[in-house]
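Peer 1: Give me a model of this one.
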Amino acid sequence: MPKGMQSGKLITWKDERGFGFIKPSHGQQDIFIHISAIQESTRRPKIGDTICYYTVVKDGKLSARNAFIVGARQKSNDAKTVATRQSLARFPWEVFPLSAFPVGCSLFLFLNTLIVFPLVLYPVMSLIAFFAYADDKNRAQMNRWRTPESTLHLLEILGGWPGALIAQKQLRHKSKKANYQFIYWIIVVFHYVVWVIWLVSLLGQ
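Peer 2: Alright, predicted model coming up:
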């Protein structure tokens, strides 16, 4: 182990929020660790892992930096490849077939009426929703004032639900909260119902 580096057991880990606490081997106070401090890892941390780290004082508390998980350290030249694979594995590919119907209806509407608003709305609101999720996750990790869930749901209702789905899976945010997911999928169904009603009314003319 490099000079000045310490080690300890990960005794607390909140994977949804990306942080936990290490119990040092020599019995000092517990050390805060954020996921961003862990380098070249082949997997996410879990309770019981042995962590090697350097200690710094950040925001008045002892925190770990330049850390790695013993037994799960990736060679530096492969770290970027592993990170890319992990990101692709988390990507919700189902977003494409899910959004195909409303986007297809939006395209059909544009081609027949030149109304472009719905066709532009989905990608624009999805982008806004993604960054709203990212900002809220960052606020959660920094223990700052959170974005109300009603605001996130409003962005989804306004057409940002595809981007919200990508953010949930890629950022691991709101993806395991059952009541939030229930409302989210009601919003997705609502968009489908609106387009089905529009198609039925069009065919009935």
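Peer 1: what's in contact with stretch 35-55?
Peer 2: The set of residues external to stretch 35-55 that reach it, using C-beta atoms under 8 Å, 6 or more residues apart in numbering, is 1, 4-13, 15, 18-20, 22, 31, 33, 62-76, 79, 82. Just so you know, the C-beta spots here come from the backbone N, C-alpha and C atoms, and that holds for glycine as well.
Peer 1: Other residues contacting the strand or helix carrying Val124?
Peer 2: For Val124, the host element (DSSP states H and E) is helix 117-141. Around helix 117-141, the neighbours that count as contacts under C-beta under 8 Å, 6+ apart are 17-19, 34, 99, 102-103, 105-107, 109-110, 145-147, 151-152, 155-156, 158-164, 166-168, 171, 173-174.
Peer 1: repeat for stretch 183-195
Peer 2: Residues outside stretch 183-195 that contact it (C-beta under 8 Å, 6+ apart) are 98, 101-102, 105, 153, 156-157, 159, 161, 164-165, 168, 174.
Peer 1: Sort out for me which of those are in helices.
Peer 2: Taking DSSP state H, the ones among those that sit in helices are 98, 101-102, 105, 153, 161, 164-165, 168.
Peer 1: for Leu107, what are its contacts?
Peer 2: Residues in contact with Leu107 (C-beta under 8 Å, 6+ apart) are Leu119.
Peer 1: Assign a three-state SS to it, would you?
Peer 2: Three-state call for Leu107 (DSSP: H, G, I helix; E, B strand; the rest coil): helix.
Peer 1: re earlier: by neighbour count, sort out the buried ones in the contacts of stretch 35-55.
Peer 2: 6, 8, 10, 13, 18-20, 22, 31, 33, 62-64, 67-69, 72, 74 (16 or more other C-beta atoms under 10 Å).
Peer 1: so Thr151 sits in a helix?
Peer 2: Yes. Counting by three-state DSSP, Thr151 is located in a helix.
Peer 1: Spit out the contact partners of it.
Peer 2: Per C-beta under 8 Å, 6+ apart, neighbours of Thr151: Ala132.
Peer 1: Ile51 should be in a strand, yeah?
Peer 2: Yes. The assignment for Ile51 (three-state DSSP) places it in a strand.
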